[in-house]
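# what's the 3D shape of this:
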Amino acid sequence: MSPIRMDLSQDGGSFEPLEAGQYTATIFEVVERIGNTSGKPYLNVTYKLPGQGNRRVWQALTLQPEHSGFIKEWLKGLGYTAEQLSGTLEFEPEEVLGMEVLLTLDKTKRVDNNEYQNNVVKVQKTGAGVSVGKKATSARW
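Predicted structure coming up:
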């Protein structure tokens, strides 16, 4: 394998958290993962913020039934109806990829290293458009 040459003489971009507030974003990726310590499934959502140099913000949403309020609130913000969110839902991540949303972010201090981070507080689909979701008889997760 050939060596990779990198110019590290310039100070690169910053990973400092954004200020708390609202940001236009696009849903870039939705992946189901398993928690390292819990062993339980969750959705990892990646948002791209074009107005911030295409920075990324991540959100983890548990898929545990006893904590379904978090995922319901997220899906409601994406345009899912109360009827779709009652009972069982078959969710296709591809339906929401590329969707433009308004993110509300906070900026909080982490307990493990005392540094600041952004958390997604609210997600709201912007504009008209994408029809999402369908009611199902069995859950995929």
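# what number of residues lie near Thr81?
If you count neighbours by other CB atoms under 10 Å, Thr81 ends up with 12. For glycine as for every other residue, the C-beta is placed from the backbone atoms N, C-alpha and C.
# Return the backbone torsion pair for Lys76.
phi -60, psi -40 (degrees, to the nearest 10).
# For it, which non-adjacent residue is spatially closest?
If the residues on either side of it in the chain are set aside, Lys76 comes closest to Leu85, at 6.4 Å by CB to CB, 6 or more residues apart in numbering.
# does that neighbour count as helix, strand or coil?
With DSSP: H, G, I helix; E, B strand; the rest coil as the basis, the three-state label of Leu85 is coil.
# That one: what's it in contact with?
Contacts here follow CB atoms under 8 Å, 6 or more residues apart in numbering; on that basis Leu85 touches 72, 75-76.
# want to throw those into JSON lines with pLDDT, distance to Lys125 and neighbour count?
Supplementary listing: those in JSON lines, determined by pLDDT from 0 to 100; distance: CB to CB, whole Å; neighbours: other CB atoms under 10 Å:
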{"residue": "Lys72", "pLDDT": "94", "distance to Lys125": "15", "neighbour count": "17"}
{"residue": "Leu75", "pLDDT": "95", "distance to Lys125": "10", "neighbour count": "21"}
{"residue": "Lys76", "pLDDT": "94", "distance to Lys125": "10", "neighbour count": "16"}
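# May I see those organised as CSV, with distance to Met99 added?
Compiled in CSV, the contacts of Leu85 are given as follows (distance: CB to CB, whole Å):
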residue, distance to Met99
Lys72, 17
Leu75, 12
Lys76, 14
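# now, which of those sits nearest Leu89?
Each of those was scored against Leu89 by CB to CB, and Leu75 proved nearest at 7.4 Å.
# The closest one: what secondary structure?
Secondary structure assignment for Leu75 (three-state DSSP): helix.
# Distance from the chain centre to stretch 118-131, please.
Relative to the centre of its chain, stretch 118-131 is centred 10 Å away, using CA atoms, centre = their mean, to the nearest Å.
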